[in-house]
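Engineer: Sequence unavailable; structure follows:
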Ligand SMILES: NC(=O)c1ccc[n+]([C@@H]2O[C@H](COP(=O)([O-])OP(=O)(O)OC[C@H]3O[C@@H](n4cnc5c(N)ncnc54)[C@H](OP(=O)(O)O)[C@@H]3O)[C@@H](O)[C@H]2O)c1
């Protein structure tokens with residue numbers, strides 16, 4: 001397979017550590033792991049032919065070898081093939097299962113998500129809207145906030161870098177928060193927490209603000225979990241693998257009808273992957289981070 005697109009995702013930070021986790025760390029001396037969209041150059045597997053475009057796990061390299069296990073053929077006429085790494089791929093499915101299976105937003109409820117212009121967050125807010133909830137996105141900087149409100153149709157975008165972030169968030173959530181889709185942890189989590197309503201649900205998807213921390217950061221106030229009868233549930237997208245066909249059906253239809261929009265941040269050249277990955281951990285990406293390895 002010749003790699004066309006390499007996906008850069010926050011989970012890669014965890015693979016660069018030997019700490020015990022749900023997945024094994026990347027092996028030193030082997031190519032760094034990563035989701036890819038590639039083109040079959042040569043095949044001895046009858047299921048794949050030269051020229052097929054496939055979603056796979058080729059890693060940070062220009063060519064990858066596969067026995068065909070875990071590869072999925074893509075139809076370039078159905079959607080741009082890069083979307084298989086974003087809105088119609090793992091990040092989109094993470095948003096779909098985390099919000100609908102754990103968050104379970106009801107019409108009129110308020111859903112808050114951070115990293116709202118990114119791969120997962122942008123889909124969370126738009127699905128919340130499709131389900132009749134109010135979507136409030138937290139993002140870094142005025143431009144990202146404008147994008148989630150004006151382009152993606154969130155009810156509000158709130159800048160976590162603003163000095164008066166807490167006041168702005170409270171103003172954007174006059175009825176409190178019923179679902180907090182946890183993407184970042186850290187300071188944002190601390191600001192969100194007091195606004196949670198009784199029986200709020202918190203799908204714990206990621207805590208990107210804490211992935212490179214060298215000491216434990218204070219967690220959420222556990223007394224409020226009891227008093228407000230909160231539901232917190234961590235999940236990994238693969239826990240809900242059985243929902244993949246539902247996701248592809250619904251998200252495919254929403255993308256085709258224009259109800260689910262997406263933005264990609266594409267850099268050219270594999271050599272730019274390390275710097276782009278570091279940028280992702282600092283909010284420098286604007287949309288799903290992809291490396292175009294070949295055209
Ligand atoms: N559980 C799962 O199975 C699963 C699967 C996929 C992803 N995830 C998690 O979902 C989250 C979002 O992933 P993604 O792929 O959609 O990435 P992304 O949102 O496209 O990019 C990461 C974004 O995180 C924000 N960020 C980075 N450092 C931050 C900090 N210190 N404080 C606040 N925000 C910060 C930045 O947005 P701003 O500039 O707007 O702050 C940055 O653009 C991550 O935590 C990831 O680990 C979990």
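Structural biologist: Right, received. Where do you want to start? These figures come from a predicted structure and were not determined experimentally.
Engineer: hey, let's count contacts and neighbours off CA atoms from now on
Structural biologist: Will do.
Engineer: What pLDDT is listed against residue 24?
Structural biologist: pLDDT for residue 24: 91.
Engineer: buried set for stretch 143-156?
Structural biologist: Buried positions in stretch 143-156, judged by neighbour count with 16 or more other CA atoms under 10 Å: 144-149, 152-156.
Engineer: Would you work out how far apart the start and end of it are?
Structural biologist: End-to-end distance for stretch 143-156: 13 Å, by CA to CA, to the nearest Å.
Engineer: do the same with stretch 80-100
Structural biologist: End-to-end for stretch 80-100, by CA to CA: 25 Å.
Engineer: close to the ligand, is it?
Structural biologist: Yes. Applying CA under 6 Å from any ligand atom, one finds stretch 80-100 in contact with the ligand at 91, 94.
Engineer: For that stretch, list every residue counted as buried.
Structural biologist: Buried residues in stretch 80-100 (16+ other CA under 10 Å): 81-100.
Engineer: Please identify which pair of the buried residues of stretch 143-156 lies farthest apart.
Structural biologist: Maximum pairwise distance in the buried residues of stretch 143-156, criterion CA to CA, is 13.8 Å, between 144 and 155.
Engineer: Return the member of the buried residues of stretch 143-156 nearest to the ligand.
Structural biologist: Closest to the ligand out of the buried residues of stretch 143-156 is residue 144 (6.6 Å), distances taken as CA to the nearest ligand atom.
Engineer: from memory residue 293 sits against residue 7, does it?
Structural biologist: No. When contacts are counted by CA atoms under 8 Å, residue 293 is not listed as touching residue 7 (10.2 Å).
Engineer: helix, strand or coil for the nearest residue to residue 125 once chain neighbours are set aside?
Structural biologist: If the residues on either side of it in the chain are set aside, residue 125 comes closest to residue 135, at 5.2 Å by CA to CA, 6 or more residues apart in numbering. Following DSSP: H, G, I helix; E, B strand; the rest coil, we place residue 135 in the strand state.
Engineer: Repeat that for residue 233.
Structural biologist: Of the three states, residue 233 takes strand under three-state DSSP.
Engineer: For burial, what's the neighbour tally of the residue nearest to it when sequence neighbours are not counted?
Structural biologist: Closest residue to residue 233 apart from its sequence neighbours, by CA to CA, 6+ apart: residue 203 at 5.2 Å. Other residues near residue 203 number 25, with proximity taken as other CA atoms under 10 Å.
Engineer: For the stretch 101-250 of the chain, which residues are neighbours of the ligand?
Structural biologist: Residues of the stretch 101-250 of the chain found near the ligand (CA under 6 Å from any ligand atom) are 115-121, 139-140, 183-184, 205-209, 235-237.
Engineer: Let's see which of these end up in strands.
Structural biologist: residue 139 (DSSP state E).
Engineer: So residue 256 lies in a strand, does it not?
Structural biologist: No. Assessed with three-state DSSP, residue 256 is helix; it does not lie in a strand.
Engineer: What degree of burial does it show, as a neighbour count?
Structural biologist: Residues lying near residue 256 (other CA under 10 Å) number 13.
Engineer: Please name the residues that touch residue 36.
Structural biologist: 3-7, 55-59, 85 (CA atoms under 8 Å, 6 or more residues apart in numbering).
Engineer: redo that, cut-off 7 Å
Structural biologist: When contacts are counted by CA atoms under 7 Å, 6 or more residues apart in numbering, residue 36 touches 3, 5-7, 55-59.
Engineer: can I get those in CSV with secondary structure, neighbour count and distance to the ligand?
Structural biologist: Below are the contacts of residue 36 laid out as CSV (DSSP: H, G, I helix; E, B strand; the rest coil; neighbours: other CA atoms under 10 Å; distance: CA to the nearest ligand atom, whole Å):
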residue, secondary structure, neighbour count, distance to the ligand
3, strand, 30, 20
5, strand, 30, 15
6, strand, 31, 13
7, strand, 24, 9
55, strand, 22, 16
56, strand, 24, 16
57, coil, 19, 15
58, coil, 25, 18
59, coil, 19, 16
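Engineer: Secondary structure element holding the nearest residue to residue 102 once chain neighbours are set aside?
Structural biologist: In space, and not counting its chain neighbours, residue 102 is closest to residue 203: 5.8 Å by CA to CA, 6+ apart. Element membership for residue 203 (DSSP states H and E) is strand 196-204.
Engineer: Count the residues that sit near the closest residue to residue 7 other than its chain neighbours.
Structural biologist: Leaving aside its sequence neighbours, residue 7 sits nearest to residue 290 (CA to CA, 6+ apart; 4.8 Å). The number of residues packed near residue 290 is 24, by other CA under 10 Å.
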